[in-house]
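Chemist: Structure for this input, please:
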Amino acid sequence: MKSEPKPLLDDQLATLQLAYLREHYQALAAQAAAKQMSHVDYLGELVEGEVHRREQRSLQRRVRAARVPVAKSLDCFDWSWPKKINRAQVQNLFRLAFVAEHHNVVFVSNVGLGKTHLMSALALAACERGHCVRFTTAVEIINTLGAAQRLGSFKSMLGKYVRPAVLAIDELGYLPIDKAGGDTLFQVISQRYERGSTLVTTNRIFRRWAEIFNNDSTLTTALLDRLLHHCEVVTIEGKSYRMKDKIDEPDEPPTSSR
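Modeler: Numbering: from 1, shown residues only. Below you'll find the model as predicted:
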């Protein structure tokens, strides 16, 4: 005979915020009886379900907080398109050992070669492993902290970029940065030095980074010193994947026919 729900037990489970137990204890009790499971095994299944539910909810919260614009994975990366990429190096990054070591990763390439895809996938992989992640752009950091400076909330806003275990900074080098913006970005990189992992995508090789910061070689050297001290650099070469259907120039000049 099927047992009726117990209002008191339901209320107690709701009070304890054990939503999985509240929703499934009756169905699992019937299965346990049919399988002649012990009380301990029955309780174990309930608790396992509750733990899994909480882990999934926690993951969802981390992903929302990370603000990765588009969900990407390593599995859907087209390895055949870049002319040059160290696949083993990239795949090794997804072990996420660099996060525990507070090391950095910089992806360097021209536009359309998948550096943002790889950084997004790496950021989401870090979320899945329980790390706090924040995805942003270099311009967003500068604009947000600039506004916070004017409002007198710079320190608290700076903490939102310093505290995460992984900070992913997209599009560094696409727009020039003035001295105030450079100083702001330097503070973020400097305070994260050996305290958290910073991921960066850039379209500029390092010897041209001074051009990003209004040819301020002192600032550029100081920033690179902290960013590259413990850093894995991933270089990608080739033509833009987004332009692949519009590129009609052959890799080699055609031979003339006579």
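
Chemist: Could you chop this structure up by domain?
Modeler: Domain assignment for the chain by automatic domain parsing gives 8-66, 74-242.

Chemist: Need the winner for burial among the ones you listed.
Modeler: The highest average neighbour count among the domains of the chain, using mean count of other CB atoms under 10 Å, belongs to domain 74-242 at a mean of 17. (Glycine included, C-beta is placed from N, CA and C.)

Chemist: distance between it and the chain's centre?
Modeler: Offset of domain 74-242 from its chain centre (CA atoms, centre = their mean, to the nearest Å): 10 Å.

Chemist: Report the mean confidence score over that domain.
Modeler: For domain 74-242, mean pLDDT rounds to 96.

Chemist: ok now do Lys72, which residues does it touch?
Modeler: Contact partners of Lys72, counting by CB atoms under 8 Å, 6 or more residues apart in numbering, are His117, Leu118, Ser120, Ala121, Leu124.

Chemist: Kindly recompute the last result at 7 Å.
Modeler: His117, Ser120, Ala121 (CB atoms under 7 Å, 6 or more residues apart in numbering).

Chemist: Likewise for Leu199?
Modeler: Going by CB under 7 Å, 6+ apart, the list of residues near Leu199 reads Val105, Met119, Leu122, Ala123, Val166, Ala168, Ile169.

Chemist: so Thr201, which of the three states?
Modeler: Secondary structure, DSSP: H, G, I helix; E, B strand; the rest coil: Thr201 is strand.

Chemist: doesn't Gly173 make contact with it?
Modeler: No. Between Thr201 and Gly173 there is no contact under CB atoms under 7 Å: 8.7 Å.

Chemist: distance of the spatially closest residue to Val162 that is not a sequence neighbour from Gly159?
Modeler: Nearest residue to Val162 in three dimensions, chain neighbours excluded: Gln191, at 4.7 Å (CB to CB, 6 or more residues apart in numbering). Distance, Gln191 to Gly159, by CB to CB, to the nearest Å: 9 Å.

Chemist: With Lys35 instead?
Modeler: 51 Å.

Chemist: Also Gln17?
Modeler: Using CB to CB, one gets 29 Å for the distance from Gln17 to Gly159.

Chemist: likewise Leu8?
Modeler: 45 Å.

Chemist: Ok, Arg64 next?
Modeler: The spacing between Arg64 and Gly159, counted by CB to CB, is 19 Å.

Chemist: same thing with Glu237?
Modeler: 37 Å.

Chemist: element containing the residue nearest the centre of the chain?
Modeler: Of all residues in the chain, the one closest to the mean position by CA atoms, centre = their mean is Ala123, 1.5 Å from it. If you go by DSSP states H and E, Ala123 is part of helix 115-128.

Chemist: If you count contacts, what does that helix end up packed against?
Modeler: Here helix 115-128 touches helix 39-66, strand 104-108, strand 133-137, strand 166-172, strand 197-202, going by 3 or more CB pairs under 7 Å, 6 or more residues apart in numbering; DSSP states H and E.
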